[in-house]
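Peer 1: need coordinates for the below:
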Amino acid sequence: MAKILVVDDEPLICEMLEVFLSRAGHDVTAVTDGKQAVKAVESTPVDLVVADIVMPEKDGLETIMELQKKRPELKIIAISGGSRIGNFDFLAMAKKLGACKTFYKPLDNSALLVAINECLEDKLPT
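Peer 2: Sure thing, here's the model as predicted:
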């Protein structure tokens, strides 16, 4: 069982991931923006963060950078439904900033669970 923090400004996504990941045996907490995510990680140790990219207050890229600076060992999976504006691919940038995996919404729950296990086990394909 891992402690997972879900960060998404869409309450339905938070709820869906909380239920799904809890049923998979994980201890899940959800917050709705990057500022709350940073505070949550500072106050409660987590093993992995699933972070949306496009959010108000503090977007996912800023959140990933700050979390990586504070806890470089923290595993992060980036998710986004609006991951490309013009030629800028937010998920590709998230990967460069330290996300171990990235996913477009709508999420494939089975693939997400596999990715979580891979990130937690440090068995990422090269």
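Peer 1: for the protein, which residue is closest to the average position?
Peer 2: residue 50 (1.7 Å; CA atoms, centre = their mean).
Peer 1: that residue contacts residue 6, doesn't it?
Peer 2: Yes - in this structure, residue 50 is within contact of residue 6 by CB atoms under 8 Å, at 4.9 Å. Every residue, glycine included, has its C-beta placed from N, CA and C.
Peer 1: now do the shared contacts for the two.
Peer 2: residue 17 (CB atoms under 8 Å, 6 or more residues apart in numbering).
Peer 1: on that earlier part again, so which helix or strand takes in the residue nearest to the centre of the chain?
Peer 2: strand 48-52 (DSSP states H and E).
Peer 1: what residues does that strand touch?
Peer 2: So strand 48-52 is contacted by 2-10, 13, 17, 34, 37, 41, 60, 63-64, 67, 74-80, 94, 99, 112, 116, 119-120 (CB under 8 Å, 6+ apart).
Peer 1: mind checking how far it is from the chain centre?
Peer 2: 1 Å (CA atoms, centre = their mean, to the nearest Å).
Peer 1: that one pairs with which strands, parallel or anti?
Peer 2: strand 3-7 (parallel), strand 75-80 (parallel) (DSSP bridges).
Peer 1: quick check: buried residues in the following helix or strand past it?
Peer 2: Of the helices and strands lying after strand 48-52 in sequence (DSSP H and E), the nearest is helix 60-70. Across helix 60-70, burial judged by 16 or more other CB atoms under 10 Å covers 60, 61, 62, 63, 64, 66, 67.
Peer 1: which one is residue 94 nearest to, not counting chain neighbours?
Peer 2: Using CB to CB, 6 or more residues apart in numbering and skipping residues adjacent in sequence, the residue nearest residue 94 is residue 78, 3.6 Å away.
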